[in-house]
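Novice: give me a 3D structure for the following:
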Amino acid sequence: MTMFGLSCENITKLKRIIESKAKNNYFYIAFCIACFCVALLEGLLITQSGQGMGPVSVGYILHGARIYSGGFENISHIRGSLPPLFSILIAAFMHLGLTAENAARIITVSFFALSMFPIFFLGRLISGHFTAYLACLTSLAFTPFLYITSNAWAETAYIFSSLMAILLIIIFCQKNR
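Specialist: Have a look, this model is predicted:
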């Protein structure tokens, strides 16, 4: 049986090589940082001609621009309930000199790239180093994740937060602290 042109024997050899390298703490830290950089570059390239916008995206960006220009009282008359964190982050990045659209792009891409760390550590805690490396590499090419990153949505922040919560719950359950 072959997977991506690799036989079972070659996959087993690859797994042994990765497991032997995994004993070195610097290797997996370097791997996580490399996946973070690749994800950051990938996200910036995907969104280089602009991000996808929908009614919710426009709402986030509008709320962020209004918070930046006049604080929270400036948005008190707006109806609807958007989660405030994304709009607040947009306003914070606008203080750095970015436009609201570029701030939304940077935030979305940053959360996508940051997601590589909990993905790796979840894979490592659940099933070992090989699964962790495979999970990170797969998430870099996972089409739904890339689609979410290509839009100005708060879902990347939600995914990152959810992964971190699951990781911390597992660590708490294992170490009881």
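
Novice: tally of neighbours for P84?
Specialist: 15 (other CB atoms under 10 Å). From N, CA and C alone the C-beta is placed, and that goes for glycine too.

Novice: same question but for T143, I mixed them up
Specialist: 7.

Novice: OK, contacts around it?
Specialist: Listed by CB atoms under 8 Å, 6 or more residues apart in numbering, T143 has no contact partners.

Novice: name the SS class of G97, please.
Specialist: Here G97 is coil, with the state taken from DSSP: H, G, I helix; E, B strand; the rest coil.

Novice: got the phi/psi numbers for N151?
Specialist: N151 adopts backbone torsions of phi -110, psi 150, taken as degrees, to the nearest 10.

Novice: which residue comes closest to it once chain neighbours are left out?
Specialist: Excluding the flanking residues, the one nearest N151 by CB to CB, 6 or more residues apart in numbering is G52, at 3.8 Å.

Novice: and I107, by the same measure?
Specialist: Closest to I107 by CB to CB, 6+ apart is L89, at 5.1 Å.

Novice: same for the helix or strand harbouring the one you found, what does it pack against?
Specialist: With secondary structure defined by DSSP states H and E, L89 is part of helix 84-94. Using 3 or more CB pairs under 8 Å, 6 or more residues apart in numbering; DSSP states H and E as the contact criterion, the elements in contact with helix 84-94 are helix 55-70, helix 100-114, helix 155-175.
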